[in-house]
Structures are given as structure tokens and as C-alpha cells.
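Student: Below is the structure, and that's it, no one-letter string:
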């Protein structure tokens, strides 16, 4: 069975602080994809990143970075120098091989305070 | 690029009424999904489809039905609406092999 755990329900930081959102996943498949989505207060779901199970390189995109570690089954997301516009709910998700649907974590609500 | 289009965006139903949420995608994606998101909560999978003519239940299928007669369309039918079905409904699609899920803008349904 596939499972995604986002243990942090809510996080609150002051603007310009760095913040890491944790994501731990479970799957028996050797081929899988991991995702992060952002849901701002306006409600839409915005794709941030996809990582496949064979690529453990960390990725950086501006103030966003992702740390994928298969040894700990984690795919953590760090926002550097957070801004108020980063306030949103962030979802981690897992797609295993075959026709299984995407499995989402319960989300982490990030509030960045000015 | 239209992507995934959901209609209506907002709807208020009375208890016991029925309605269909429409979902269309123009990306020729095989996989389509319906999720619901209750206030302050995460996404729960209602139904999904891996191709035309094939549908399967997700985590919370009770009270809903779907059909997939074409690749483009994946309507969600609510029969005998109940207050517990008050939620935001998201339709999504993905192509084979790419993985990324494309979401519609959501349909906010209130059952009174």
C-alpha cells in the first residue's frame, strides 16, 4: 500500500525565516514519483515539483529546494527567506507504478507572518 | 490552453437533490480523477479512471457515481445530496508516464 505522511499540520514563521516541510512516504514499488503541490488561499492546486525514484539529486529553484532521501523515505521541501506570498497549504504526493492513483498527504498549512 | 475544465464553479443544492459535476480535459490524458476537499482538510479520492470505459472507486465513493464514455469527459454524479457532501470538488488528469497531475479550478458545492 502507498502512504504519504506530513506530520506537520501547521507551521508559522516570521518573514525571511527558512522553513522545512517534511514528507515521509511508504511504497513497495521501486519505480515511483514524488510531488509537491501548493494550494494558496485562492484555492487552486499548483504543481511545484516532480521527482522520480531513480533521481536522488537535490533540486533548487529560486528560494525553493527539495531534499530526496530514499534511505529515510523522505522528500522534504525547504523555503529559504520565506515571504508572505508563501503562505499556503502544501501537499506532498506519491505516484507508484501501474494504474494506482496519486496518494496525497494531509497537507501542511504554512503561515508566513510579516 | 484549456487544460482541465470543471463546471459549475459554485452550486447550492437542497438535501435530496441530484446533480452532475462536469469535467473535461483537452490533453488526451488517459487518467482522470475526482477528489473532494472538506474545509481545512486534505484531498480525498472519490473515483478515478484509467481510460475510456474504465472506472474505479477511490477512498470515499459512497453517494457518487461516475462514467467515462470518452477520453475527454469524466462527469461526477451526486445522487440524493446530503449535507456531508458539502465540499470543494477537484477534477484532475494526467498522461501516461508523465506523472504530473493537472487540476481543474474546483467546484464548490453546498448542500442545505
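Tutor: That came in fine, so what should we check first? In this text the structure is predicted, and so the values were computed from the model without any measurement. Numbers count the residues shown, from 1 in each chain, chains lettered A, B, ... in the order given.

Student: Phi, psi for the closest residue to residue B:18 other than its chain neighbours please.
Tutor: In space, and not counting its chain neighbours, residue B:18 is closest to residue B:79: 5.1 Å by Cβ to Cβ, 6 or more residues apart in numbering or on different chains. (Each C-beta comes from the backbone N, C-alpha and C, glycine too.) Note on residue B:79: its backbone torsions stand at phi -100, psi 130 [degrees, to the nearest 10].

Student: Before we move on, what's the pLDDT of residue B:79?
Tutor: Note for residue B:79: predicted pLDDT of 89.

Student: tally of neighbours for it?
Tutor: As a burial measure, residue B:79 scores 13 neighbours (other Cβ atoms under 10 Å in any protein chain shown).

Student: any idea how far it lies from residue A:7?
Tutor: 37 Å (Cβ to Cβ, to the nearest Å).

Student: can you check residue B:68 too?
Tutor: Distance, residue B:68 to residue A:7, by Cβ to Cβ: 36 Å.

Student: And what about the residue nearest the centre of chain B, helix, strand or coil?
Tutor: Nearest to the mean C-alpha position of chain B, by Cα atoms, centre = their mean, lies residue B:34 at 3.2 Å. Under DSSP: H, G, I helix; E, B strand; the rest coil, residue B:34 falls in the strand class.

Student: Any figure for the gap between it and residue B:45?
Tutor: Taking Cβ to Cβ, one finds residue B:34 at 7 Å from residue B:45.

Student: who touches both of these two?
Tutor: Residues touching both residue B:34 and residue B:45 by Cβ atoms under 8 Å, 6 or more residues apart in numbering or on different chains: residue B:58.

Student: Now residue B:91. Nearest residue, chain neighbours left out?
Tutor: Here the residue nearest residue B:91, using Cβ to Cβ, 6+ apart, is residue B:23, at 3.5 Å.
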